[in-house]
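Colleague: Requesting a structural model of the entry that follows:
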Amino acid sequence: MGSASSMLTQYDIEEVQEHCDHLFSQQEIVSLYERFCQLDRNAKGFISADEFLSVPEFAMNPLSQRLLKMVDGLNFKDFVAFLSAFSSKASAQQKIELIFKVYDSDCNGKVSFNDIMEVLRDLSGPFMSNDQREQVLVQVLKEAGYTKESYLSIDDFFKVFGSCGLKMEVEVPVD
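Modeller: This is a model prediction of the structure:
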């Protein structure tokens, strides 16, 4: 499993399933491995940021630069673990943890007003001014019981997103 050109053994498949909490079937893991090998153009055993950007849906995502920080250099096992948050079988906790990581770009375990502003800037682009974004965010935080000076923890994210029925799913085509 170290080299992208090698084939997956039954042991490798089971090891990857264990690593991703059995959120993907064995067939799905084989399909993901084939896709991983296509992306790993130089057969290095990991996918670079440039290789991820070759996926049009990824490149067009307004959060792609944030996501690239999370996925650059992933080997196959970690690639599957990253994608597992998008599985229909993933728990709300797994999905919320991924969302938190997207906002917590400096990986300090807390999300500041500025962290959220950066994500809003990425998502809204030129369609909102910084003043408009700030007004919206101040109001949303106020309604949720937070201020501009608040730092949100993973527990705050669970409180806010925990009961909203998140839908973050990708289909893994199985041949």
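
Colleague: Next, the residue in the chain sticking out farthest from the centre: secondary structure please.
Modeller: The outermost residue of the chain, judged against the average C-alpha position, is Asp131 (28.1 Å), by Cα atoms, centre = their mean. Assigned with DSSP: H, G, I helix; E, B strand; the rest coil, Asp131 falls in the helix class.

Colleague: element containing the most centrally placed residue in the chain, please.
Modeller: Closest residue to the average C-alpha location of the chain: Leu98 at 5.2 Å, with Cα atoms, centre = their mean. Assigned by DSSP states H and E, Leu98 belongs to helix 92-103.

Colleague: Excluding residues flanking it in the chain, which one is nearest the residue nearest to the centre of the chain?
Modeller: Ala85 (4.0 Å; Cβ to Cβ, 6 or more residues apart in numbering). Placement of C-beta: from N, CA and C, glycine included.

Colleague: What values do phi and psi take at that neighbour?
Modeller: phi -60, psi -20 (degrees, to the nearest 10).

Colleague: That one against Gln93, yeah?
Modeller: No. In this structure, Ala85 is not within contact of Gln93 by Cβ atoms under 8 Å, at 9.8 Å.

Colleague: More neighbours: the two, which one.
Modeller: Neighbours per residue (other Cβ atoms under 10 Å) separate Ala85 from Gln93, with Ala85 holding more: 22 against 14.
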